[in-house]
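>>> give me a 3D structure for the following:
(chains A and B)
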Amino acid sequence: MMNILLRKKLYVSVAFAAMLGFTSCSDDDGEDNTVGCEGVATEEYVVAATSEENSYVLTKENISEGELSIVGDGLQVTGTPSWFFYKNLAAYSFVYRQGDPGTTQSFILEDCGLEPRNPIDLQVSIQSKGIVGEELFVQYSSRNYENPEATFYKVNGKTSVVTGPVTINTKELANNGEYAYITDITEHNSRVWIAYRTIKAGEDNEDNAFNSDFNDHTYIAIFNEDLEFIQRIEDTGRTGVIAGQSRSQGETGIEPVENGDVYVFSSALDAPEVNSGVLKINNGTTEFDPNYFFNISEASGGYKLYRTHYVGDNTFVLQMFTEQNIASARPTETRHKFAVVNVATKSFNWVDDVPNGIQEIGAPYVDKANKEVVFPIKTSENPRLYIINAANHVMTAGTKIEADGVTAVGKLAKQ
Amino acid sequence: MKIFYSLIALVFLLTQVATGQNDNFSTVKGKVTSQEGELLPGVFVYVINKTYFSETNENGTFELRLPAGKYKLSATNLGYLNQVEEVEVLPNSNLRVNFQLEEDPAMTLDDVEIVGKSALQEVQESSYNVSALNAEALHNTTLDVSQALERVSGVRVRRSGGVGSNTNLMLNGFSGRHVKLFIDGMPMEGFNSAFSINNIPINLAKRIEVYKGVVPINFGSDALGGAINIVTEDGKQNFVDASYSYGSFNTHKSFLNAAYTADSGFTARLTAFQNYSDNDYNVDVRVKNLQTQVFPLEKTNERRFHDMYRNYTLMGKVGFVNTAFADQLLLGFTYGDEYNEIQHPAYMDIAFGQVYETSETLMPSLTYKKDNLFINGLNVAVRGNYNFGEASYIDDAMRNYNWAGDFIEKSEKGEYPPYTRNFYRNRNGSVNANVTYKFKDKHAFTLNNVFNTFSRKRRNEAEPSPSDDYPSENFKNILGAGYKFQPNKKWSTSLFGKYYSNKVNQYADPLAVGEYQKFSKTTDTYGYGLATSYFLTESLQMKASFEKAYRLPVGRELFGNGSNFELGNPDLKPESSKNLNIGANYNWRLTKKQNLNLDASFIYRDIKDFIRRKVTEEGSAQSINEASVKNRGIDLEATYNYAKLFSANASFTYQSLRNKLEYKNGSTSKNLSYDQRIPNMPYLYGNAGFAFYFNRLWDKKDVLSLNYNLLYIHEFSYDYDSFGNSATNRNIPNQIAHDVYLNYSFKNGKYNLSLECKNILNEDLYDNYSLQKPGRSFAIKVRYFLDKF
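Take a look at the predicted model:
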């Protein structure tokens, strides 16, 4: 029913567009009704730029050069939400502010540029998220032992229909006396793979809810798509927890590659004596390969990784903590270094030509086709997009953005 | 006039002394009252064609000693018709003669100001840039204090909804913590919402003083942008003021204010008021599908269903007035209780169905005031209060609502999880001590000290935090010294200095990473100012005032609020501003019956180290000293009166509030908002109104009045104007509201009946982005007012 309606709408739109085309062709009075719709390519980069208080979404076909500006341009979005790109279909803006909830808005690329879709109501502050099939899973874990729950919602990327909540008991999931705190969600072999760390969640009467006796453990749990627990995968003593964490938000770490192997990245967060490194789960198995360990701390000369971005062919672009031997959720510990690694050959190369004086780094766009990762970076100058070429591990400056900051960059295609 | 009578009296007295006293005299005693029964002091009572005379004392009584005989006794007082009584005095006897004077209609039609300056005028004519609002003129309306304030130039009150909704006061471009509120000179900082300007009825106020930018030291506050003082003490000794109103959206408001003062000086005062409203007005919103949680793109008109508000307040005072030991010695208490259903969060896109907050306050207070203490010219006032406050915010329903009021049950607590059960406990106290010494009529020295202590504990049952056990504390002391020089009635100058001291204690986690620590920070600074005024002619007054003013950072800005999203910055400096006002007031008596008053002021504000919330890419915010803002603006006010038949007034404000930060910290690229108008701030607004009075309709003491008021706020943008595609940018549209009310007062204002209609054209009104205010509403109010008994 929905489909038929959609299709009907499409026909009407096509007919209408054709009519407009006709009139603008036959009408030679110079007034072009479609002028606002020109210049929108089938694929456009989407840049979420910010003023002090609000966001302006800008689009550009090519980001290797030129300029964008929020002055006189951009679709205004209230506040400074964080952005997530559902494939190349939609850009979601998530409001994190707990206690002051708002709707979640998503945008798609249409003939005339970005168009808002119907907003949705997500009753959760999102800490980690991941795409599973056609759905976006979002999740919040409690840091309070009195309420040991992780809450999941699923958002259909096409229809935006929300299902949930599904709750998981974090004490049961941890199974070590502490409480599970979820930091990454990934689909692999039609299963939902979830990375977690375990925390005391205040049960030790200490101030820091993230205290743990298990920071030298690596934990993954496998669930079916209905979030029913299947099994746990655990490693001890080689590296730490999977947590590309900044404050409460975690992302990346469970990374399947083309042949079905899964590489697992650990920052070794909050554990100075533990190495940051990469473990491997071979295709078809559900245990860590005891013979594989890529010691990132050692390869980098004492630095720890933050988040990972897969560009294909076993090659990952890593964002690294700036200071030696530090990996922390604290926002004051900066993450201003970049490296390119090959997990098969265990090669490690620092990225060259990274700009000096980095102040902020936004959420990147991973361009697998070109084996590039695009980071919005703000230095003492206005923000700019920087492109890391994984092949030669060089960073090149691209489009300048006249704005206060850039939260994220992504790419959308007309559907 | 008084001097003239005194001279005559003196001449008479001398004649009396010269002629000598006669032994065969009798006593004639009596009292003089007005027709309303008011005892009239200072009435000249004399014997026609003789040299015997007397004057009534403050109790309205007089005494004459006369030889036996027939006399014509006359009582005369300005503003009243002379009254003559024929009396026969028998030898060695006592005679009582009472006069009841009738008002002189020729005089009452005129402005009363010739009799003497009212307190209101005295405030207006001070050297400060101050607007005084005569609240008594609004006592027959259903306005609260915040609504009344909107009629003052330079002031905007932004409301998020109906009765009891959040208000944000703006004064010449300053808002929030920059504008401090006072009630009878006591800071309202830290008062619970159970007793605040959005629920205090206008009937509690006699007048409201708005000090723009330059604040006299007796308020002793770090009021960067100005101060608003609600004056309730009206010096009336015995009165009853009771009213009740009922209006649209099931709104009930009642008010009682009564005072009794005995001859001994003992006084007891009681104030009680209540507000209730369902606030179920219609708004344009999107109703989401509860099954899919998807919103439609179109808005529909829906009725608010969870916005009930009620509050009760009880205030009492007992003590003594006008005794030998004190002009005022009053022990008081205030009790307030508030319940507020919350319909939606910061924006009106989603609807709550069960979220609510409560607030309760209990505040004892003590006031002592004595003029001419020990020596002539030494005036002392000490006031103190202590507030025990509790508040809560609860979101723990296992339901999910939409704007149609429909809901679905769900398995987890909290409409927006993680659920919230926040409880607050506030303890705060203030002591304001003021000593003024006046000598030789020209000089006055003032020393003022205000000490303020604030402590707040917060506990969220849903997410216990280590900071729950520790209060956030704030101790603030502001010492001020001032000198006022007034060589003559034309020229007056005040100089003052203030020393600010602030200590903040907080157990906090400024970076929100679970690492709590005890923080403590003390900030000291000093400011100074000057205010001067000069009457060029009797009716033209020029004014200029300047202050280097400060606002000290609060605990939340220094150490965060304990959440992941509001981070602290312990290095914050105080904000400062150079505030300059230049103004003129022209009081033009067009004819004997017509008066036009024009007031214009130019304002200049240069704000440095402005504390602003910087939002990070993850959505958290931190306060930083960064912005630099300048404001140039004009405030205009005009009032016109035609006797007691017609009056009109208008106020207008324009301000050019600009961001003057050329480069942000650590940035070599020019600030994109440099020199642009500060967003989300009304900058062009005004109001205009008129009133017709129809006197002596039924009875000669009845007045029918028809009032009209127009409020206009020019459209303003939500973010800096130049950003974004203007076709899709959000803004806050023009607001035009027409209010009318009709009032009938019987028996000289003893009984009043009024009908009012607000927003008569049912316009869509917004003060804030997306937050729609009520449409057309009606109310009826009955009021009983007994001035003296």
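>>> use CA for all of it now, contacts and neighbours both
Fine.
>>> helices of the chain, residue ranges please.
You didn't pick a chain, so chain A it is. Counting by DSSP state H, chain A has these helices, from start to end: A:2-26, A:170-174, A:296-300.
>>> hmm, I had chain B in mind actually
Counting by DSSP H, the helices of chain B are B:2-19, B:105-108, B:119-124, B:145-149, B:555-559.
>>> on that earlier part again, weakest of the helices of chain A in terms of mean pLDDT?
Comparing mean pLDDT across the helices of chain A, the weakest is helix A:2-26, with a mean of 39.
>>> rank the helices of chain B by pLDDT, which is bottom?
For these, mean pLDDT drops lowest on helix B:2-19, to a mean of 42.
>>> from residue A:352, how far off is the closest residue to chain B within the stretch 251-400 of chain A?
Relative to chain B, the nearest point of the stretch 251-400 of chain A is residue A:380 (4.2 Å; Cα to the nearest Cα). Counting by Cα to Cα, to the nearest Å, the gap from residue A:380 to residue A:352 is 19 Å.
>>> same thing with residue B:695?
In this view, residue B:695 and residue A:352 are 88 Å apart by Cα to Cα.
>>> circling back: what sits against the closest residue to the residue of the stretch 251-400 of chain A closest to chain B other than its chain neighbours?
Spatial nearest neighbour of residue A:380, excluding adjacent residues (Cα to Cα, 6 or more residues apart in numbering or on different chains): residue B:667 at 4.2 Å. By Cα atoms under 8 Å, 6 or more residues apart in numbering or on different chains, the contact set of residue B:667 is A:379, A:380, A:381, A:382.
>>> pairing partners for residue B:716 in the sheet, please.
residue B:732 (DSSP bridges).
>>> what does residue A:264 give?
residue A:254, residue A:279.
>>> hmm, residue B:41 is touching residue B:75, no?
No - counting by Cα atoms under 8 Å, residue B:75 is not a contact partner of residue B:41; they are 11.5 Å apart.
>>> which of these two has more neighbours?
residue B:75 (25 against 18; other Cα atoms under 10 Å in any protein chain shown).
>>> how about the more buried one, what does it touch?
Counting by Cα under 8 Å, 6+ apart, residue B:75 touches B:43, B:44, B:45, B:46, B:82, B:83, B:84, B:99.
>>> and the fourth one, how far is that from residue A:56?
Spelled out, that is residue B:46. 84 Å.
>>> repeat that for the last one.
Here the criterion is Cα to Cα. By it, residue B:99 lies 79 Å from residue A:56.
>>> and the two? Which one has more around it.
The neighbour comparison of residue B:99 against residue A:56 (other Cα under 10 Å) goes to residue A:56, with 26 against 23.
>>> so that one touches residue A:75, yeah?
Yes - assessed by Cα under 8 Å, residue A:56 is found in contact with residue A:75 at 5.1 Å.
>>> what about residue 121, neighbour count?
All of this refers to chain A. Using other Cα under 10 Å, the number of residues around residue A:121 comes to 24.
>>> chain B was what I was after
Residue B:121: 14 neighbours (other Cα under 10 Å).
>>> swap in residue B:657?
Neighbours of residue B:657 under the rule other Cα under 10 Å: 25.
>>> ditto for residue B:176
Neighbour tally, residue B:176, other Cα under 10 Å: 12.
>>> what's the answer for the one 5 residues further on, then?
Other residues lying near residue B:181 total 24 when counted by other Cα under 10 Å.
>>> any idea how far residue B:698 is from it?
On the measure of Cα to Cα, residue B:181 and residue B:698 end up 43 Å apart.
>>> likewise for residue A:246?
From residue A:246 to residue B:698 the distance is 76 Å (Cα to Cα).
>>> quick one: which of these two has more around it?
Shown here are residue A:246 and residue B:698; by other Cα under 10 Å, residue A:246 has more neighbours (22 against 10).
>>> give the bridge partners for that one, please.
Assessed by DSSP bridges, residue A:246 has beta-bridge partners residue A:249.
>>> from residue A:252, how far out is the residue in the stretch 201-350 of chain A positioned nearest to chain B?
Nearest residue of the stretch 201-350 of chain A to chain B (Cα to the nearest Cα) works out as residue A:208 at 4.1 Å. When distance is defined by Cα to Cα, residue A:208 is 24 Å away from residue A:252.
>>> who in the stretch 251-400 of chain A is up against chain B?
A:329, A:330, A:331, A:332, A:362, A:379, A:380, A:381, A:382 (Cα under 8 Å from any Cα of the partner chain).
>>> give me the nearest residue to residue 379, chain neighbours excluded.
Looking at chain A here, since you left the chain open. Looking at residue A:379 with Cα to Cα, 6+ apart, the closest residue is residue A:358, at 4.5 Å.
>>> chain B is the one I meant
Nearest residue to residue B:379, sequence neighbours excluded (Cα to Cα, 6+ apart): residue B:371, at 4.1 Å.
>>> show me what contacts the one you found?
Going by Cα under 8 Å, 6+ apart, residue B:371 touches B:327, B:377, B:378, B:379, B:380.
>>> count of neighbours near the first one?
Using other Cα under 10 Å, residue B:327 has 19 other residues around it.
>>> any idea how far residue B:379 is from it?
Separation of residue B:327 from residue B:379 (Cα to Cα) stands at 10 Å.
>>> before we move on, back to that, please name the residues that touch the residue of the stretch 251-400 of chain A closest to chain B.
Listed by Cα under 8 Å, 6+ apart, the contact set of residue A:380 reads A:357, A:358, A:359, B:666, B:667, B:668, B:669.
>>> any idea which of those is closest to residue B:436?
Relative to residue B:436, the closest of the contacts of residue A:380 is residue B:666; by Cα to Cα it sits at 48.9 Å.
>>> if I look at the closest one, how far off is chain A?
Separation of residue B:666 from chain A (Cα to the nearest Cα, to the nearest Å) stands at 6 Å.
>>> per-residue pLDDT, the nearest residue to that residue once chain neighbours are set aside?
Leaving aside its chain neighbours, residue B:666 sits nearest to residue A:380 (5.6 Å; criterion: Cα to Cα, 6+ apart). Residue A:380 is assigned a pLDDT of 94 by the prediction.
>>> phi, psi for the nearest residue to residue B:260 once chain neighbours are set aside please.
Counting by Cα to Cα, 6+ apart, residue B:260 lies nearest to residue B:238, which is 4.6 Å off, once chain neighbours are set aside. Dihedral angles of residue B:238 (phi, psi; degrees, to the nearest 10) stand at phi -140, psi 110.
>>> who are the contact partners of residue B:238?
The contact partners of residue B:238, by Cα under 8 Å, 6+ apart, come to B:258, B:259, B:260, B:261, B:787, B:788, B:789.
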